[in-house]
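In: how would this look folded up:
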Amino acid sequence: MAAPTNKHARSESGEEKEDPGAAPYGNFINYYTFNPPENRLSLIPSKLLEDVGCQPDTEAVLLDVGCNSGDLSIALYKHLLQDQAPGDDSSKNIQLLGFDLDQDLIFRARNSNPFPQNIQFIPLDITREESHAELTSYLEKFGRSRFDLCSCFAVTMWVHLNHGDAALLTFLSRLASLCECLLLEAQPWKCYRSAARRLRKLGRSNFDHFKTLEIRGDMAAHAKEHLEKQCGMELVQSFGSTSWDRSLLLFKRR
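Out: Below is the predicted model:
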């Protein structure tokens with residue numbers, strides 16, 4: 001099935017129209033023009049891989065969930081390399097897989113990828129059962145059962161709004177099962193209200209589950225509780241909040 005695209009946020013000329021927050025799946029066409037990678041990377045230490053236990057002489061395998069057009073994936077890759085000594089040719093020691101449910105965005109990500117030997121982009125809907133098999137198949141190429149680090153920036157709300165409470169918890173459990181460490185940015189509840197309001201302003205139907213969600217309030221706390229109590233992970237560090245008042249939390253497998 002073709003992934004949904006954000007056609008309603010485009011004018012006839014193809015340019016963004018009015019409010020980019022109207023994308024029902026979070027697949028904004030120009031997302032990084034209003035939330036540039038630096039908003040997150042300024043909080044993340046360049047030696048993050050070392051901090052989570054990755055050895056410099058071994059290959060680190062990373063996953064970026066909901067990568068959009070790939071700008072943040074590529075910037076994160078470069079950010080994690082900047083701690084190397086001048087002349088160190090060890091970039092081959094990081095492999096990053098980014099995925100998004102929007103095939104148009106993945107097409108853009110592939111076309112603008114300057115590191116095709118180290119970064120791959122694929123279309124994938126993480127809420128589908130078969131997605132787990134595709135990701136484990138990628139890991140098998142490196143002789144791994146889990147990613148060293150999974151980054152999930154501002155994806156939880158879209159899974160929650162479009163698929164409901166149970167799907168959100170399943171999503172978090174699936175991510176936890178796929179990685180040793182999880183770098184998570186969960187949108188706060190005020191973002192849910194804004195997303196629903198923007199959708200209504202454009203005359204679109206409301207999110208199917210918005211009014212019936214029982215998981216509400218402090219969304220980062222809810223995610224933390226589930227990951228720690230149900231997924232065998234623990235919060236090891238908070239990198240503070242972005243300029244959009246969203247916490248970046250690092251979880252590690254116990």
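In: would you state the strands of this structure in chain order?
Out: With DSSP state E as the criterion, the chain has strands at 60-65, 94-100, 119-123, 147-153, 179-185, 233-241, 247-253.
In: out of those, which is closest to residue 29?
Out: The closest of the strands of the chain to residue 29 is strand 94-100. By Cβ to Cβ, the value is 11.9 Å. Quick note: C-beta positions are derived from backbone N, CA and C, even for glycine.
In: which residues does the closest one contact?
Out: Contacts with strand 94-100, where a contact means Cβ atoms under 8 Å, 6 or more residues apart in numbering, come from 3, 27, 49, 59-68, 70, 73, 76-77, 80-81, 106, 109, 118-124, 126, 135, 138, 142, 147.
In: now a PyMOL select for only the buried ones of the residues you listed.
Out: Remark: buried members of the contacts of strand 94-100, expressed as a PyMOL selection using 16 or more other Cβ atoms under 10 Å:
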select buried, resi 3+27+49+59+60+61+62+63+64+65+66+67+68+70+73+76+77+80+81+106+109+118+119+120+121+122+123+124+126+135+138+147
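In: re the thing from before, nearest to residue 205, out of the strands of the chain?
Out: Closest among the strands of the chain, using Cβ to Cβ: strand 94-100, at 22.8 Å.
In: now the closest one and strand 60-65, what's the angle there?
Out: Interaxial angle, strand 94-100 versus strand 60-65 (axes from the mean of the first three to the mean of the last three Cα atoms, to 10 degrees): 10 degrees.
In: and the angle for strand 94-100 with strand 147-153?
Out: Using the same axes, to 10 degrees, strand 94-100 lies at 40 degrees relative to strand 147-153.
In: quick revisit: among the strands of the chain, which is nearest residue 218?
Out: That would be strand 247-253 among these, by Cβ to Cβ, at 9.9 Å.
In: just to revisit the earlier point, can I get the strands of the chain in TSV with mean pLDDT and distance to residue 172?
Out: Below are the strands of the chain laid out as TSV (pLDDT from 0 to 100; distance: least, Cβ to Cβ, whole Å):
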stretch	mean pLDDT	distance to residue 172
strand 60-65	98	11
strand 94-100	97	17
strand 119-123	98	21
strand 147-153	98	9
strand 179-185	98	8
strand 233-241	97	9
strand 247-253	97	10
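In: now do the helices in the protein.
Out: Secondary structure of the chain by DSSP state H: the helices cover 31-34, 38-41, 48-51, 71-81, 103-111, 131-140, 156-163, 165-178, 189-201, 219-230.
In: low-scoring stretches of the stretch 1-150 of the chain, by residue?
Out: Applying pLDDT under 70 to the stretch 1-150 of the chain picks out residues 1-22, 83-92.
In: so residue 102 versus residue 195, what's the distance?
Out: 16 Å (Cβ to Cβ, to the nearest Å).
In: now residue 123
Out: With distances taken as Cβ to Cβ, residue 123 is found 23 Å from residue 195.
In: repeat that for residue 38.
Out: To residue 195, residue 38 is 23 Å away according to Cβ to Cβ.
In: more crowded one of those two?
Out: Neighbour count, other Cβ atoms under 10 Å: between residue 38 and residue 195, residue 195 has more, with 22 against 14.
In: pretty sure that one contacts residue 154?
Out: No. At 10.9 Å, residue 195 does not count as touching residue 154 under the criterion of Cβ atoms under 8 Å.
In: outside of stretch 69-86, which residues touch it?
Out: Contacts of stretch 69-86 (Cβ under 8 Å, 6+ apart): 31-32, 36-38, 40-41, 44, 46-50, 62, 64, 67, 90-91, 94, 96, 98, 105-106, 108-110, 112-115, 118-119, 121, 151, 153.
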